[in-house]
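S.K.: Show me the folded form of this:
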Amino acid sequence: MAWLLVIVAGLLETGFAVCLKLSHGFTRLWPTVAFCAFALGSFGLLTLALKRLDVGPAYAVWTGIGAAGTAVYGMVFLGDLVSTLKIVSISFVIIGVIGLQLSGSAH
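M.R.: Presented below is the predicted three-dimensional model:
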């Protein structure tokens, strides 16, 4: 269950990173409000998960999901540059996240 919280928190991290860009320096109201909601949800779920998980692997999985998710979202929806190296690098992040999740750090 704790790993599920980390995964959802990572997805919410993707949301707050995208909304941070869309807020244009917190000058647009609704993306700023969404950023706050996603950030609060992400940090809240991560905090709950850390009651049962080691901080290193959990934090790495959380940031990995957020980084990979944000990069993919940017390429698909925001017109970010797509390159073979970027896709391979995102794949390595995802492989690392899976490896850390499988490392069995739950207490």
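
S.K.: Pull the residues that contact the one helix or strand residue 87 maps to.
M.R.: Here residue 87, judged by DSSP states H and E, is contained in helix 84-101. The contact list for helix 84-101, computed with C-beta atoms under 8 Å, 6 or more residues apart in numbering, reads 3, 57, 60-61, 64-65, 67-68, 71-72, 75. All C-beta spots, glycine's among them, are computed from the backbone N, C-alpha and C.

S.K.: Name the member of these with the most neighbours.
M.R.: residue 61 (26 neighbours; other C-beta atoms under 10 Å).

S.K.: Show the contacting residues for that one.
M.R.: Contacts of residue 61 (C-beta under 8 Å, 6+ apart): 3, 6-7, 10, 97, 100-101.

S.K.: gap between it and residue 14?
M.R.: From residue 61 across to residue 14, the span is 13 Å (C-beta to C-beta, to the nearest Å).

S.K.: what do you get for residue 74?
M.R.: 10 Å.

S.K.: out of these two, which sits in the busier spot?
M.R.: Taking other C-beta under 10 Å, residue 74 and residue 14 do not tie; residue 14 has more neighbours (21 against 18).

S.K.: pretty sure that one is touching residue 65, no?
M.R.: Yes: with contact defined as C-beta atoms under 8 Å, residue 14 reaches residue 65; the gap is 7.1 Å.

S.K.: Residue 53 and residue 7 touch, don't they?
M.R.: No: judged on C-beta under 8 Å, residue 53 makes no contact with residue 7 at a distance of 11.7 Å.

S.K.: least trustworthy position among the contacts of residue 61, going by pLDDT?
M.R.: Within the set of these, pLDDT is lowest for residue 101 (74).

S.K.: burial of that one, as a residue count?
M.R.: The number of residues near residue 101, taken as other C-beta under 10 Å, comes to 19.

S.K.: Good, wrapping up.
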